[in-house]
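> here's a sequence, model it:
(chains A and B)
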Amino acid sequence: MFTHGKKVVTRMAPSPTGHLHVGTARTALYNYLYAKNKGGDFIVRCEDTDKERSTAAFEEEIIAGLTWLGMSWDAYYRQSERSEVYRPYLEQAIADGAAYRSKEDSTREPGTEIEVVRLKNPNKTITFEDEIRGEVTMDTTDLGDFVIARAIDDPLFHFVNVVDDHEMGVTHIIRGEDHIPNTPRQILIQEALGFERPTYAHLPLLLAPDRSKLSKRHGPVSLTQYAEKGYMPGAITNYLALLGWNPGTDQEVFTLDELVSEFDIAGVQKGGAIFDIEKLRWMNREHMSRLSDDEFRIMVTDRMPDTQKALPQYTGARLEKLAPIIRERVSVAYDIAQEAEKGEYDFAFAAPKPPAEMLMWKKDEHVRDPLPRLQKVAEILSTIPDACTADDAKNALWNYAEEIGKGEVLWPLRVALSGRERSPDPFTLIHILGSAESYKRVQSACDTILSA
RNA sequence: GGUCCCAUCGUCUAACGGCUAGGACGUCAGGUUUUCAUCCUGGAAAUCGGGGUUCGAUUCCCCGUGGGAUCACCA
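Here you go, the predicted model:
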């Protein structure tokens, strides 16, 4: 399996200074998929050296988010607990003449003299091979002797990053293309320290619909917000994987395990990709359609608002029969509550009281009195068992509907049962409500017409 | 502004010099034994521009244009 003898190690290095961004989740995913596809290790390294901005809550959110998405790591590090590993490397670099101490006026606190450590820049051109973009060349001269440590025991990002990647045996650095400009200076540090150069792969960025960098002002960008809306983790990893990568086939729906076996860095796109919420919704719908009836029922029960649960005819059994109807009308779990609050499913839990006007089938020029049709329907309803399938109901009513005219019979029936202009078909409604309740509702509609 | 990256339907993408530029989302139209939804079928929709190289460019090269990233004693 390891054709080159060396075990693949990838890492994701988030800094806990903000919510877990979907772009960060995607970077983590690509690292995870690549490592697992190669039978290697995926490690998470929390870059929390910025004491001012790092919080335990954000770190917790990152861990929870990755776990929720189904990713697991082979090692977890926290830079704040590794401060002692950097100093020897820093001292070595100084001893080797690759870096030097420099007393300067602090930029952050003017007037305060500090002793920073600067890298002695050899001022050369760096060329590195990017797995996604090919050869990238940059002149490091304009970087100057850049600062690698604020003090001998306070190393900066680039230095820490390079040392950690080396110490942790990271073989492939897969990260956002916003890190391309950082690469030459990190390579300079590697060379100063005598480290082997890892393989680089810079991912295209996630963009907002206006092609600018995806940020808060474009809508939800934190993973938590999607989780709360009820997006399925498998749908999110699936969508994120396809945003910038393609498997080379027309398959679009994948489980996480399938992604692991199909993933290939060669299929990664170069250009930035717009985060399209509509396609994510479609993807989520695809994943929801693969849920078992039991799984979906649990989701529905969980998302149904209390106002619905308080309705007079609300029962678990009724909800279970309604679930398939809901499934074909929503794309995300959040839609369930949304639709329910709009009253779309009230008919299942409370008897409606449609006005006489609504009971009339108006597609036809000759509007006829729905009363006799409903009376006949009620009569038929009384002959079928309460627990019936939609087909049972259809078989019992179809001949009469055909004889009179389908719209003339089915429209008033459907409105009598649902109280709405638009709803599932009447046979399905009868199945959900039972023929006894259906009978009552039809009778009630007859009363409405009579008293109008 | 300097440096770097990128460029196929509105969006995500396929076609790694060779059929009529394919698929998906969205959209539009028709059908699915009343409405809505689902589902099915069909349609419209793209190679940024200009030069090369070649028998032949979406594809390779150059220039332009456009978009993006980055220029810390943050990460």
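> for A:R217, give its distance to A:L207.
13 Å (Cβ to Cβ, to the nearest Å). Just so you know, the C-beta spots here come from the backbone N, C-alpha and C atoms, and that holds for glycine as well.
> between the two, which has more neighbouring residues?
A:L207 (19 against 8; other Cβ atoms under 10 Å).
> how confident was the prediction at that one?
With respect to pLDDT, A:L207 scores 92.
> ok, it to RNA strand B distance?
Separation of A:L207 from RNA strand B (Cβ to the nearest atom of the strand, to the nearest Å): 6 Å.
> wait, that residue touches A:G272, no?
Yes - assessed by Cβ atoms under 8 Å, A:L207 is found in contact with A:G272 at 4.6 Å.
> how many other residues sit next to the closest residue to A:G434 other than its chain neighbours?
With sequence-adjacent residues excluded and distances taken as Cβ to Cβ, 6 or more residues apart in numbering, A:G434 is closest to A:D386, at 4.4 Å. The local packing of A:D386 (other Cβ under 10 Å) involves 13 other residues.
> how about the nearest residue to the residue in the stretch 251-400 of chain A positioned nearest to RNA strand B, chain neighbours excluded?
Nearest residue of the stretch 251-400 of chain A to RNA strand B: A:G271, at 3.0 Å (Cβ to the nearest atom of the strand). For A:G271, ignoring the flanking residues on the chain, the nearest one in space by Cβ to Cβ, 6+ apart is A:P204 at 5.6 Å.
> the one you found against A:A273, yeah?
Yes - using Cβ under 8 Å, A:P204 is in contact with A:A273, at 6.1 Å.
> between these two, which contacts overlap?
The contact sets of A:P204 and A:A273 overlap at A:G244 (Cβ atoms under 8 Å, 6 or more residues apart in numbering).
> could you tell me which residues of the stretch 351-452 of chain A lie near RNA strand B?
Proximity of the stretch 351-452 of chain A to RNA strand B (Cβ under 7 Å from any atom of the strand) is limited to residues A:361, A:363, A:394, A:398, A:406-407, A:410-411, A:414, A:421-427.
> try it again with 6 Å
For the stretch 351-452 of chain A, the residues in contact with RNA strand B (Cβ under 6 Å from any atom of the strand) are A:K363, A:K406, A:G407, A:L410, A:W411, A:R414, A:E421, A:R422, A:S423, A:P424, A:D425, A:P426.
> may I ask which helix or strand encompasses the fifth one?
Under the assignment given by DSSP states H and E, the secondary-structure element containing A:W411 is helix A:406-418.
> give the next helix or strand downstream of that helix.
Criterion used, DSSP H and E; the element after helix A:406-418 is helix A:426-433.
> now for that following helix, which elements pack on it?
Packing contacts for helix A:426-433, counted by 3 or more Cβ pairs under 8 Å, 6 or more residues apart in numbering; DSSP states H and E, involve helix A:316-327, helix A:346-349, helix A:390-404, helix A:406-418, helix A:435-450.
> as JSON lines, the ones you listed with mean neighbour count and mean pLDDT would be great.
Listed next are the helices and strands packed on helix A:426-433 as JSON lines, based on neighbours: other Cβ atoms under 10 Å; pLDDT from 0 to 100:
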{"stretch": "helix A:316-327", "mean neighbour count": "17", "mean pLDDT": "96"}
{"stretch": "helix A:346-349", "mean neighbour count": "21", "mean pLDDT": "97"}
{"stretch": "helix A:390-404", "mean neighbour count": "15", "mean pLDDT": "94"}
{"stretch": "helix A:406-418", "mean neighbour count": "23", "mean pLDDT": "95"}
{"stretch": "helix A:435-450", "mean neighbour count": "19", "mean pLDDT": "96"}
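> which residues does A:A235 contact?
Here A:A235 is in contact with A:L280, A:M283, A:N284, A:E286, A:H287, A:M288 (criterion: Cβ under 8 Å, 6+ apart).
> next: A:F347.
A:F347 is in contact with A:L417, A:S418, A:G419, A:R420, A:S423, A:L429, A:L433, counting by Cβ under 8 Å, 6+ apart.
> by neighbours, which of these wins?
A:L417 (27 neighbours).
> how close does that residue get to A:G169?
66 Å.
> ditto for A:D154
25 Å.
> got any ranges where the stretch 251-400 of chain A has weak pLDDT?
Applying pLDDT under 70 to the stretch 251-400 of chain A flags the ranges A:363-367.
> what number of residues lie near the residue nearest to A:G176 when sequence neighbours are not counted?
Residue nearest to A:G176 in three dimensions, not counting chain neighbours: A:L203, with 5.5 Å by Cβ to Cβ, 6+ apart. For A:L203, the neighbour count with other Cβ under 10 Å is 25.
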